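In: Here is the input, now give the coordinates:
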Amino acid sequence: MINISDLRDFLSKRVRGQPKAIETLCNYIEDMQNLGSIEEKVGPMGVMLELGPSGSGKTELVRCLAQYLYGSKEAMTKIPCGNLTEPHTVHMLTGSPPGYIGYGDPPLLAKKAQNKNQQDQDTEYGVENLGEREIELLNSGQHLAEQNHKLLDEIQDIIMQWSNVNSELGIYGAYMERLLGGLSALKALEELSGRKSEKKQKVEVIGIDKIESNMLAMQIEANSLADLLHKKRLELNFIYQELVSIEAEFQKTDTGASRINDPEPIPIILFDEIEKAHTKIHDFLLDLIENGEVAFSNGTKRSLKNSLIIFTSNVAAGSISNILNDNFIGFRPKATLSSDADYKDRKILAVSEKELKNVFSPAFRSRLDDIIVFRELTPVEFGQILDDHIELFCQALRMKREVELLVRDDVKEFIIQKSLHRPEVGARLLIHKLRSVLKRPFGRELASRPGFKGTVKASLDEHSNLSFEFLVLEKPPEP
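Out: Okay, the predicted model is just below:
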């Protein structure tokens, strides 16, 4: 069971300026825990959509949730939908069939979240813990997998040879057409002159017969390669069926059954910028959400009933940018001032929901359990985010270089002011400015003092130029 109070505190300290978004997420997880023992949900545990300005913390909230659950921000499946803009890219989610490009690459939806503190699965189910039959099945599977890879390499070689032969056939065919055209011209010349052409006879005797002989040999070779390719693909399909059979038999053993029945923590699947995915991908996701499972190309299935699926979207980015930059057309009531954050939040939600109707089908929108809205970050929250990132940087310096970096408030204020002129990109510009204004210059100064250990003070001079004061630690007196 997840301690919702601890989760709320954990997220609030790491995702700044989004209390409503954190509250919505925590409340939903709490409700699902409370209802889990009462009713069974057909689809995934939760399907949520995050809306809001770019750089407001949509992805960071999901990464911090993964950190709380598994001990690492990377312990989740993140799928950039910018790579799913074509219909055929659905194979990136489920895997390519045998014999096709991408076969053997792990499907994106096959990745499971791993707890950083969890014992490695290879050790937990190592050979020393298996019975004789289980070891026999694993050895057979490994042997078949090696055969499978060898066959795939052979198939690629055959396809390349077949392509080369067909290319040569095309060249010879074009040459034959030129010869026949030349013969036709020589024949016409014979009829006009009334005498036979020696050149025509030579071409007929030598050129055409040789070309036809070569083309026939290449056609036979091409047919032979096509038959061999068909045979290899049949072998590949047989090996695939054997691997499926071995996997099914292994799952019936004690080790296989215990692995399947082990309670699994909530896997988090993040579809980033879902609006960029092709509509065929949306249709695939509809079926996935409806059935609560995904079927892979190798015939296996994975249940997603204990998964939390989160979509992020930047729909209405242009309209949101206008709202944040205060670019309005027409009149507004005096009560709604440009500094009114609640007013901007309501406007962002309204334009986002309107744009959702243009991007996603009603069937897709109806599958969403909740919509999390992210608001614009204020200068105060920019300062909190900056403090968090500077502290992480200082911690790394203490641990790895024994250097204590002290950053004065004037430096922090300078970085914040450099980051506020583009509210439509949110905290991304702040992180960029932190790196260009403070981290990179400090890195150069530190590199010029190899072996330095001590305290460094970062401040601005009277011309607003960054300067560093290096204070060497005093050595304790020798006894």
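In: Tell me if residue 16 really is in a helix.
Out: No: counting by DSSP: H, G, I helix; E, B strand; the rest coil, residue 16 is not part of a helix but coil.
In: what about it, neighbour count?
Out: For residue 16, the count of nearby residues is 22 (other Cβ atoms under 10 Å). C-betas here are computed from N, CA, C, even on glycine.
In: Could you do residue 307 as well?
Out: So residue 307, with other Cβ under 10 Å, has 26 neighbours.
In: so who does it touch?
Out: 44, 45, 266, 267, 268, 269 (Cβ atoms under 8 Å, 6 or more residues apart in numbering).
In: residue boundaries of the strands in the stretch 151-300 of the chain?
Out: All strands of the stretch 151-300 of the chain, identified by DSSP state E, counting those that start in this stretch, fall at 268-272, 293-295.
In: averaging pLDDT over each of the ones you listed, which comes out lowest?
Out: If the strands of the stretch 151-300 of the chain are sorted by mean pLDDT, strand 293-295 sits at the bottom with a mean of 86.
In: residues making contact with that strand?
Out: 93, 94, 109, 288, 301, 302, 303, 304, 305.
In: Show me what that strand pairs with in its sheet, parallel or antiparallel.
Out: According to DSSP bridges, strand 293-295 forms sheet pairs with strand 301-303 (antiparallel).
In: Bridge partners for the residue nearest in space to the middle of the chain, pull those for me.
Out: In the chain, the centroid-proximal residue (Cα atoms, centre = their mean) is residue 79; its distance is 3.4 Å. In this entry, residue 79 is beta-bridged to residue 271, by DSSP bridges.
In: now the helices for the stretch 151-300 of the chain?
Out: 198-202, 209-251, 254-261, 279-291 (DSSP state H, counting those that start in this stretch).
In: Rebuild the ones you listed as JSON lines, extending it with mean pLDDT, mean neighbour count and distance to residue 167.
Out: Shown next, in JSON lines, are these (pLDDT from 0 to 100; neighbours: other Cβ atoms under 10 Å; distance: least, Cβ to Cβ, whole Å):
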{"stretch": "helix 198-202", "mean pLDDT": "53", "mean neighbour count": "12", "distance to residue 167": "28"}
{"stretch": "helix 209-251", "mean pLDDT": "76", "mean neighbour count": "14", "distance to residue 167": "10"}
{"stretch": "helix 254-261", "mean pLDDT": "46", "mean neighbour count": "13", "distance to residue 167": "49"}
{"stretch": "helix 279-291", "mean pLDDT": "90", "mean neighbour count": "17", "distance to residue 167": "34"}
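In: got a markdown table for those helices, with distance to residue 34 too?
Out: Formatted as a markdown table, the helices of the stretch 151-300 of the chain follow (distance: least, Cβ to Cβ, whole Å):
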| stretch | distance to residue 34 |
| --- | --- |
| helix 198-202 | 94 |
| helix 209-251 | 33 |
| helix 254-261 | 24 |
| helix 279-291 | 22 |
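In: I'd like to know which of those is closest to residue 166.
Out: helix 209-251 (6.1 Å; Cβ to Cβ).
In: Now do that closest one: which elements does it pack against?
Out: helix 132-193, helix 254-261 (3 or more Cβ pairs under 8 Å, 6 or more residues apart in numbering; DSSP states H and E).
In: Tell me what angle that helix forms with helix 132-193.
Out: Orientation note: helix 209-251 sits at an angle of 160 degrees relative to helix 132-193 (axes from the mean of the first three to the mean of the last three Cα atoms, to 10 degrees).
In: Chain neighbours aside, what residue packs nearest to residue 360?
Out: Nearest residue to residue 360 in three dimensions, chain neighbours excluded: residue 282, at 6.7 Å (Cβ to Cβ, 6 or more residues apart in numbering).
In: related to what we said a few turns ago, are any of the contacts of strand 293-295 buried, and if so which?
Out: With burial judged by 16 or more other Cβ atoms under 10 Å, the buried subset of these is 93, 94, 109, 288, 304.
In: excluding its backbone neighbours, what's nearest the fourth one?
Out: So that's residue 288. In space, residue 288 is closest to residue 294, 5.5 Å off (Cβ to Cβ, 6+ apart).
In: what about the one you found, neighbour count?
Out: The burial count for residue 294: 21, using other Cβ under 10 Å.
In: Mean confidence (pLDDT) on the one helix or strand residue 354 maps to, please.
Out: Here residue 354 sits within helix 341-359, counting by DSSP states H and E. Averaged across helix 341-359, pLDDT comes to 76.
In: helices or strands up against that helix?
Out: Checked by 3+ Cβ pairs under 8 Å, 6+ apart, helix 341-359 has strand 46-51, strand 308-313, helix 317-324, strand 370-373 packed alongside it.
In: So which of the ones you listed is nearest residue 22?
Out: Among the helices and strands packed on helix 341-359, if distance is taken as Cβ to Cβ, the winner is strand 370-373, at 9.0 Å.
In: distance of residue 94 from residue 238?
Out: 22 Å (Cβ to Cβ, to the nearest Å).
In: How about residues contacting stretch 374-386?
Out: Under the criterion Cβ under 8 Å, 6+ apart, residues 16-18, 20-21, 50-53, 55-58, 324, 341, 344-345, 348, 412, 415-416, 419-420, 423, 426-427, 430, 434 lie in contact with stretch 374-386.
In: Sorry, slip of the keys, the one I care about is stretch 389-397.
Out: So stretch 389-397 is contacted by 403, 404, 405, 407, 412, 431, 434, 438, 439 (Cβ under 8 Å, 6+ apart).
In: what's the neighbour count on the fifth one?
Out: Spelled out, that is residue 412. Counted with other Cβ under 10 Å, residue 412 comes out at 18.
In: Check which residues of stretch 409-417 are buried.
Out: Those would be 411, 412, 414, 415, 416, for stretch 409-417 by 16+ other Cβ under 10 Å.
In: what mean pLDDT would you report for it?
Out: Stretch 409-417 comes out at a mean pLDDT of 93.
In: okay, that stretch in PDB with CA atoms only?
Out: Output in PDB follows, covering the C-alpha atoms of stretch 409-417 (Å, rounded to 0.1, in the frame of the first residue of the first chain):
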ATOM      1  CA  ASP A 409      21.500  35.700  -3.600                       C
ATOM      2  CA  ASP A 410      22.400  38.300  -6.200                       C
ATOM      3  CA  VAL A 411      23.600  35.500  -8.500                       C
ATOM      4  CA  LYS A 412      20.400  33.600  -8.100                       C
ATOM      5  CA  GLU A 413      18.300  36.700  -8.800                       C
ATOM      6  CA  PHE A 414      20.400  37.400 -11.900                       C
ATOM      7  CA  ILE A 415      19.700  33.900 -13.200                       C
ATOM      8  CA  ILE A 416      15.900  34.200 -12.500                       C
ATOM      9  CA  GLN A 417      15.600  37.600 -14.200                       C
END
